[in-house]
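Colleague: Please work out how this folds:
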Amino acid sequence: MGELLADLCAATEADFPEIIALTNQAFRGRGEGASWNVEDVLDGDRVNDSLLREDLAKAPDGHLLIWRQDGEHLGHVRLDPLANRTWYLGMLTVRPDRQDLGLGRRLLSASEDFARARGGARIRMTVVNTRDTLVAWYERRGYALTGETLPFPYGDNRYGTPNRDDLAFVVLEKRL
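Modeller: Numbers count the residues shown, from 1 in each chain. Below you'll find the model as predicted:
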């Protein structure tokens with residue numbers, strides 16, 4: 001997995017349009033070529049330029065990493081250091097047309113290696129509670145539900161508009 005870790009690099013502002021487009025395609029794309037893990041409980045975009053910049057500004061020690069091979073944007077991930085050697089993993093994204101090739105597993109593993117190399121002892125993440133298939137995917141990779149839930153930000157449609165009234169976030173964690 002160290003090979004992929006070497007292919008991850010810090011995203012620059014010039015990468016933002018690609019990151020935004022791929023994130024929205026992977027998380028909210030519909031129709032032919034849609035991802036297996038689409039957030040079908042939310043409508044609209046997952047991210048836009050102002051939201052991405054705002055989120056990055058809130059976590060100045062965080063890392064938005066992009067994975068390119070031969071110049072092609074295969075995926076990206078957000079990793080933010082928290083307290084107690086814990087890292088938050090978010091926006092793990094791979095190209096939907098390449099998801100059957102194990103790229104998500106490889107990017108997740110490289111993300112764990114990245115955090116571990118910086119003293120990380122565990123990774124936490126949140127997933128919308130209705131996304132059982134995605135939670136199961138993470139559980140197969142060693143993540144466990146912590147029993148914690150966080151409220152869904154109803155009324156804040158910056159991340160999309162919910163089409164259900166029973167959403168929350170479940171917290172998953174893995175020791176590195």
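Colleague: Strands of this structure, residue ranges please.
Modeller: Using DSSP state E, the strands of the chain run over residues 8-10, 42-43, 63-69, 72-81, 86-94, 122-128, 144-151, 161-162, 168-175.
Colleague: Put together a markdown table for those, with mean pLDDT, distance to R53 and mean neighbour count on each row.
Modeller: (C-beta placed from N, C-alpha, C; glycine too.) Output for those, formatted as a markdown table (pLDDT from 0 to 100; distance: least, Cβ to Cβ, whole Å; neighbours: other Cβ atoms under 10 Å):
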| stretch | mean pLDDT | distance to R53 | mean neighbour count |
| --- | --- | --- | --- |
| strand 8-10 | 94 | 15 | 14 |
| strand 42-43 | 85 | 21 | 17 |
| strand 63-69 | 95 | 11 | 19 |
| strand 72-81 | 96 | 13 | 20 |
| strand 86-94 | 96 | 14 | 21 |
| strand 122-128 | 97 | 21 | 19 |
| strand 144-151 | 98 | 23 | 11 |
| strand 161-162 | 90 | 21 | 15 |
| strand 168-175 | 98 | 22 | 16 |
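Colleague: will you turn those strands into a markdown table that also has distance to A57?
Modeller: Output for those, formatted as a markdown table (distance: least, Cβ to Cβ, whole Å):
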| stretch | distance to A57 |
| --- | --- |
| strand 8-10 | 15 |
| strand 42-43 | 23 |
| strand 63-69 | 12 |
| strand 72-81 | 12 |
| strand 86-94 | 15 |
| strand 122-128 | 20 |
| strand 144-151 | 21 |
| strand 161-162 | 24 |
| strand 168-175 | 22 |
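Colleague: So which of these is nearest A115?
Modeller: For those, the distance to A115 is smallest for strand 86-94, at 4.1 Å, taking Cβ to Cβ.
Colleague: Show me what the closest one is packed up against.
Modeller: Here strand 86-94 touches helix 16-28, strand 72-81, helix 103-117, strand 122-128, going by 3 or more Cβ pairs under 8 Å, 6 or more residues apart in numbering; DSSP states H and E.
Colleague: Turn the ones you listed into CSV, columns for distance to K58.
Modeller: Listed next are the helices and strands packed on strand 86-94 as CSV, based on distance: least, Cβ to Cβ, whole Å:
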stretch, distance to K58
helix 16-28, 16
strand 72-81, 9
helix 103-117, 19
strand 122-128, 15
